[in-house]
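Participant: sequence and predicted structure are below.
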Amino acid sequence: MMPAMSLNHVDTGTGTPVLALHGWTPDHRLMLGCLEPVFARRPGYRRLYPDLPGMGKSPAPPSIASSDDVLAAVRDFVSEKIGTAPFLLIGESYGGYLARGLARALGPQVLGLALICPIGVAVEHAERNVPPRQVLRRDPALPENTEFSSIAVVESAETLRRFTEEIEPGLAAADEAATARIRERWLLSDAPEGGAVFSRPALIVTGRQDDVVGYDDQWALLPHYPRATFAVLDVAGHNLQFEQPVLFDALVLEWLERVAVES
């Protein structure tokens, strides 16, 4: 039996474990940036922020060749770092897809599930129902950043700062050969919503102007998550956590309260 692969990660705080999974090709800094301001206002949680295989500083050997393999590595990480203790689960974009698969696999161990701009029922880009690309707020004095401009709905000094600190370094660090290999077998073999419904408190937050994953395909997830708050935020794209930070923080804090009341 092959040993479990070690994932680079940040482990901070004490209390109820929270596992946060970033999206496709950034790294743990995305989740650290969007969630630490929330947990600064609500202590009592141990936050675990791993880099997914082939991203950040986590290696992806040839044995990691599909999303099934990535999910297996995350399950090994849970077994190693959390064990059988109940925990909260948060996923962004592709990490939201993996989080749903993990929730199916681990069932009652997951106290609550939060999804940030998650991939919806249509996993492949070409099949997604997304709004047209648009920028609603732009500061003309900003320096040029093509990667940022390709995704931003709010182009301000603050959103650019957060993009360059929280997202861009991960994009630069990703192992292109490994991610290309995984991308060829991107769909999970077991559909995340193919098992029993997830009856714990959930949160699904989407951006009205998100032209990467959209918001309509996530609406179709609701029957599987009967305790989910579903929010579509205007003036927000795929970086909604820092394009609408006040609303984002409020929604996550409210979800944490719902989970705590029932734990």
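Facilitator: Sure, I can see it. Numbering: from 1, shown residues only.
Participant: so where do the strands sit in the stretch 51-200 of the chain?
Facilitator: In the stretch 51-200 of the chain, the segments counted as strands under DSSP state E, counting those that start in this stretch are 87-92, 110-116, 137-138, 154-155.
Participant: in TSV, list these along with distance to Tyr49.
Facilitator: Any C-beta I mention is one placed from the backbone N, CA and C, and that applies to glycine too. What follows is these, written out as TSV (distance: least, CB to CB, whole Å):
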stretch	distance to Tyr49
strand 87-92	10
strand 110-116	14
strand 137-138	29
strand 154-155	24
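Participant: what's whichever strand or helix holds Trp255 packed up against?
Facilitator: Under the criterion DSSP states H and E, the helix or strand holding Trp255 is helix 245-262. Using 3 or more CB pairs under 8 Å, 6 or more residues apart in numbering; DSSP states H and E as the contact definition, the elements that helix 245-262 packs against are helix 28-39, strand 110-116, strand 202-207, strand 228-233, helix 240-243.
Participant: can I get these in a markdown table including mean neighbour count and distance to Glu92?
Facilitator: Compiled in a markdown table, the helices and strands packed on helix 245-262 are given as follows (neighbours: other CB atoms under 10 Å; distance: least, CB to CB, whole Å):
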| stretch | mean neighbour count | distance to Glu92 |
| --- | --- | --- |
| helix 28-39 | 21 | 6 |
| strand 110-116 | 25 | 4 |
| strand 202-207 | 26 | 10 |
| strand 228-233 | 18 | 14 |
| helix 240-243 | 26 | 8 |
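Participant: any regions of the stretch 51-200 of the chain where pLDDT drops low?
Facilitator: Low-confidence segments of the stretch 51-200 of the chain, defined by pLDDT under 70, are absent; every residue clears the threshold.
Participant: which ones are touching Gly207?
Facilitator: Taking CB atoms under 8 Å, 6 or more residues apart in numbering as the contact definition, Gly207 lies against 117, 153, 215, 232-233, 236-238, 240, 243-244.
Participant: CSV please, covering the residues you listed and showing distance to Leu48.
Facilitator: Listed next are these as CSV, based on distance: CB to CB, whole Å:
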residue, distance to Leu48
Cys117, 20
Val153, 30
Tyr215, 28
Val232, 29
Leu233, 26
Ala236, 26
Gly237, 27
His238, 23
Leu240, 23
Glu243, 26
Gln244, 25
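Participant: name the nearest of those relative to Ala173.
Facilitator: For Ala173, the closest of the contacts of Gly207 turns out to be His238, at 19.1 Å, with distances computed as CB to CB.
Participant: and that closest one, that one's in a helix?
Facilitator: No: counting by DSSP: H, G, I helix; E, B strand; the rest coil, His238 is not found in a helix; it is coil.
Participant: confidence score at it?
Facilitator: What the model reports for His238 is a pLDDT of 98.
Participant: not counting residues beside it along the chain, what's closest to it?
Facilitator: What sits nearest to His238 in space, not counting adjacent residues and going by CB to CB, 6 or more residues apart in numbering, is Val212, at 4.2 Å.
Participant: picking up where we left off before, so which of the strands of the stretch 51-200 of the chain gets nearest Ala180?
Facilitator: Of all these, it is strand 87-92 that lies closest to Ala180, at 21.1 Å by CB to CB.
Participant: that closest one versus helix 28-39: what angle between them?
Facilitator: Relative orientation of strand 87-92 versus helix 28-39 (axes from the mean of the first three to the mean of the last three CA atoms, to 10 degrees): 120 degrees.
Participant: what residues does strand 87-92 touch?
Facilitator: With CB under 8 Å, 6+ apart as the test, strand 87-92 has contacts from 16-23, 30-31, 34-35, 45, 78, 97-100, 102-103, 109-118, 241, 256, 259.
Participant: ok, Val252 - how many residues close by?
Facilitator: 23 (other CB atoms under 10 Å).
Participant: who's in contact with it?
Facilitator: The contact partners of Val252, by CB under 8 Å, 6+ apart, come to 35, 38, 114, 203.
Participant: kindly report the same for Glu127.
Facilitator: Contacts were defined as CB under 8 Å, 6+ apart; by that measure Glu127 touches no other residue.
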